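Colleague: Kindly generate the corresponding structure for this input.
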Amino acid sequence: MAAIGNSFPSLIDHFKSVDKNGNYLPTIEALTVLNPIMRDAYVEEANNGFSHLNVTRTGLPQPTWGKLYQGIPQSKSTKQQVEDTSGFVESLATVDTRLLNYKKNPAQARADEANAHREAMAQDVQTNFFYADTATTPERFKGIAARYNSLAPSADGKSYVIDAGGTGVDNTSIWLIGWGRGKTGLFYPEGSRAGIIREDKGEQRTTDDLGNPYYVKEEYFRQDVGVTTGDYRYNVRIANLDVSDLRAGNVDIYALLRKAMYRVHSTYDGAMADAYLASGGANGARSVIYLNRDVMEALDAQTTNDNKVELRPADLEGKMIETYRRLPIRMTDAIINAEARVQ
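Modeller: Below you'll find the model as predicted:
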């Protein structure tokens, strides 16, 4: 089977082209391992300072069948400008200097603490990619669940949220995300850096709970990030997946995935799948499926019990992962099992 390629600039690609400090690239590589969103995402610099402007087409012009000696009625497409804002998450890693004096390898002790902070930030950004909402947390960015939160048809008459039937508050979702320029992507403020910035602040004087001073070695971490969805038609959310029904084997996940495949705004052709993926996806979007481990386990069970052939391993950037009809499947715990029903 052909390897699945990626023609879009990822976080690692971006840093390979701009980073001059050897300390940063290992941080970015670790980030893409901890957060699969960062490995797949199309990444670009914001085009409006701390925010990113997109123009979304909401309607097409109306062509006319002509007659001799008859004019052509004027028509045009309709568009809507959308502004997405960014936010930043930061953390301080501190290790008591006296503790480091007892370590045979103090640098490794600091690195272990730094890894914990990186992991916490990666998980936080990943969760916010799905669930952040500037209506309730204006200091953050607007995640995709806040954009795909209704079963009602969109401007083109189609709904890009598929109802899986769950009615309680123990639901989860499957996402089919189309990454690409003018589609879904991550951005960072103009003039800043993508990914996590790591700065060694050296020895710092601090105080304990009683106000008594002591010294620590400190590192500062920060990530500036925003989410943009230029063309909403390239994403599909399978919402209202009842977790209890999933675990009982009462949900046909393959039927839902098939609906999502044919709902997204691209033409899927199985015979062209390898070329489709190697070129970055259909119509400039690279599609990836995201689900949590409960859904993945249920999907695996259906594959085994029903002898399905849609789920199979593939070589993606040198790693074997599961795919559905050759689209990569990423498992992430950031997608929760406590979603309210999408109406």
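Colleague: Leaving out chain neighbours, which residue sits closest to residue 47?
Modeller: Nearest-residue entry for residue 47: residue 53, 5.9 Å, with adjacent residues in sequence omitted and distances by CB to CB, 6 or more residues apart in numbering. Using the backbone N, CA and C atoms, a C-beta is placed for each residue, glycine as well.
Colleague: Could I get the average pLDDT for the helix or strand harbouring residue 129?
Modeller: Under DSSP states H and E, the secondary-structure element containing residue 129 is helix 106-131. In this model, helix 106-131 has an average pLDDT of 90.
Colleague: circling back: how many other residues sit next to the residue nearest to residue 47?
Modeller: Close neighbours of residue 53, defined as other CB atoms under 10 Å, add up to 13.
Colleague: just to revisit the earlier point, which of the residues in the helix holding residue 129 are buried?
Modeller: 109-110, 114, 117-118, 121-122, 124-131 (16 or more other CB atoms under 10 Å).
Colleague: do you know how far residue 103 is from residue 109?
Modeller: 5 Å (CB to CB, to the nearest Å).
Colleague: same check, this time on residue 42
Modeller: Applying CB to CB, the value for residue 42 to residue 109 is 37 Å.
Colleague: Mind listing the residues bridging to the residue nearest to residue 47?
Modeller: Per DSSP bridges, the residues bridged to residue 53 are residue 83.
Colleague: show me what contacts it?
Modeller: Residues in contact with residue 53 (CB atoms under 8 Å, 6 or more residues apart in numbering) are 47, 81-84.
Colleague: Same check on residue 98?
Modeller: 214-215.
Colleague: mind saving the C-alpha coords of the host helix or strand of it as PDB?
Modeller: Secondary structure assignment for residue 98, by DSSP H and E: helix 97-102. Written as PDB, here are the backbone C-alpha positions of helix 97-102 (Å, rounded to 0.1, in the frame of the first residue of the first chain):
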ATOM      1  CA  THR A  97      18.100  24.400  43.200                       C
ATOM      2  CA  ARG A  98      19.000  22.300  46.300                       C
ATOM      3  CA  LEU A  99      17.300  19.300  44.800                       C
ATOM      4  CA  LEU A 100      19.300  19.700  41.600                       C
ATOM      5  CA  ASN A 101      22.500  19.700  43.700                       C
ATOM      6  CA  TYR A 102      21.700  16.100  44.800                       C
END
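Colleague: mind starting the numbering at 142 from now?
Modeller: In the new numbering, first residue 142, that becomes helix 238-243.
Colleague: what about the most centrally placed residue in the chain, distance to residue 316?
Modeller: Residue closest to the average C-alpha location in the chain (CA atoms, centre = their mean): residue 178, at 3.9 Å. Distance of residue 178 to residue 316, given as CB to CB: 10 Å.
Colleague: what residues do the two have in common as contacts?
Modeller: Common neighbours of residue 178 and residue 316, counting by CB under 8 Å, 6+ apart, are residue 431.
Colleague: where do the strands sit along the stretch 142-291 of the chain?
Modeller: Here the stretch 142-291 of the chain has its strands, by DSSP state E, counting those that start in this stretch, at 184-186, 192-200, 219-237.
Colleague: Any idea which of those gets closest to residue 296?
Modeller: strand 192-200 (4.3 Å; CB to CB).
Colleague: which residues touch residue 199?
Modeller: Shown in contact with residue 199 (CB under 8 Å, 6+ apart): 219-221, 296-297.
Colleague: same thing but at 6 Å, please
Modeller: 219, 221, 296 (CB atoms under 6 Å, 6 or more residues apart in numbering).
Colleague: What is the neighbour count of the second one?
Modeller: Under the neighbour criterion other CB under 10 Å, residue 221 is assigned a count of 11.
Colleague: And residue 248, how far from residue 255?
Modeller: 10 Å.
Colleague: Save the strands of the stretch 142-291 of the chain as a markdown table, and put in distance to residue 374 and mean pLDDT too.
Modeller: Listed next are those as a markdown table, based on distance: least, CB to CB, whole Å; pLDDT from 0 to 100:
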| stretch | distance to residue 374 | mean pLDDT |
| --- | --- | --- |
| strand 184-186 | 20 | 91 |
| strand 192-200 | 9 | 80 |
| strand 219-237 | 13 | 89 |
